[in-house]
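A.B. asks: Give me a 3D structure for the following:
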Amino acid sequence: MQFEGLTSDSTVFDVGGFEGNWAQDIFDKYGAKIHVFEPHPKFAQALSTRFAANDAITVHDIALGSADGELDLSDDGDASSAFVTSADGTKGRVENVKTFLDAFKTQRIDVMKVNIEGGEYDLLPALVASGHIGRIGILQIQFHLYGAEFIAKRDAIVAELSKTHAPSWAYPFVWEEWHLKDS
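C.D. replies: As a prediction, this is how the structure comes out:
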């Protein structure tokens with residue numbers, strides 16, 4: 001992964017941290033300040049332990065979404081999701097993205113990686129509606145396809161993102177990257 005201009009002064013959000021490998025790779029390469037968001041209690045605890053000695057990486061044991069609340073999460077490793085039911089699931093907390101970013105002191109978020117197993121369909125419209133979308137330089141998004149109706153959901157989000165960001169590359173329902181347009 002290559003992010004031109006990312007430095008130790010940069011701020012990065014890893015939304016859907018799982019085991020923290022992406023966050024670790026970004027830190028190793030750029031030394032950036034990283035905020036990892038992971039609502040699954042088991043994964044969040046492991047992340048907190050993994051990064052306890054690294055002051056540049058902060059773990060938030062929450063999901064970001066459209067409203068404060070609670071998620072019923074499946075317990076399926078890197079595919080754990082609120083979109084998949086599981087008898088042995090767990091619960092995770094959600095914090096309203098607008099509330100979180102209203103209080104977040106750093107104005108610019110240089111990179112935000114979003115891999116949240118379907119939660120992107122709640123988070124991204126809320127992020128646009130919050131007015132904070134313009135604070136994010138680069139968005140890397142993995143849209144998940146849980147049925148044909150998700151094609152239209154992605155299309156609606158992409159139409160909104162196109163107002164502030166331009167696609168750098170896109171492999172729909174695999175990964176895509178969006179860059180903030182010049183003001």
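A.B. asks: low pLDDT regions in this protein?
C.D. replies: Applying pLDDT under 70 to the chain picks out residues 74-88, 183.
A.B. asks: and the closest residue to Gln142 other than its chain neighbours, how many neighbours does it have?
C.D. replies: The spatial neighbour of Gln142 that comes closest, neighbours along the chain excluded (Cβ to Cβ, 6 or more residues apart in numbering), is Asn115 at 4.4 Å. Any C-beta I mention is one placed from the backbone N, CA and C, and that applies to glycine too. Using other Cβ atoms under 10 Å, Asn115 is surrounded by 19 other residues.
A.B. asks: Over to Lys29?
C.D. replies: Using other Cβ under 10 Å, the number of residues around Lys29 comes to 12.
A.B. asks: For Leu6, see how far away it is.
C.D. replies: 8 Å (Cβ to Cβ, to the nearest Å).
A.B. asks: What of Glu120?
C.D. replies: Separation of Glu120 from Leu6 (Cβ to Cβ): 22 Å.
A.B. asks: Which of these two has more residues huddled nearby?
C.D. replies: Under the neighbour definition other Cβ under 10 Å, Glu120 and Leu6 were set side by side, and Glu120 has more, 23 against 20.
A.B. asks: Look up phi and psi at that one.
C.D. replies: phi -60, psi -30 (degrees, to the nearest 10).
A.B. asks: Please name the residues that touch it.
C.D. replies: Val114, Ile141, Gln142, Phe143, His144, Ile157 (Cβ atoms under 8 Å, 6 or more residues apart in numbering).
A.B. asks: out of these, which are inside helices?
C.D. replies: Ile157 (DSSP state H).
A.B. asks: tell me which residues in stretch 122-137 are buried?
C.D. replies: Neighbour-count burial for stretch 122-137, counted by 16 or more other Cβ atoms under 10 Å, picks out 122-128, 130, 132-133, 135-137.
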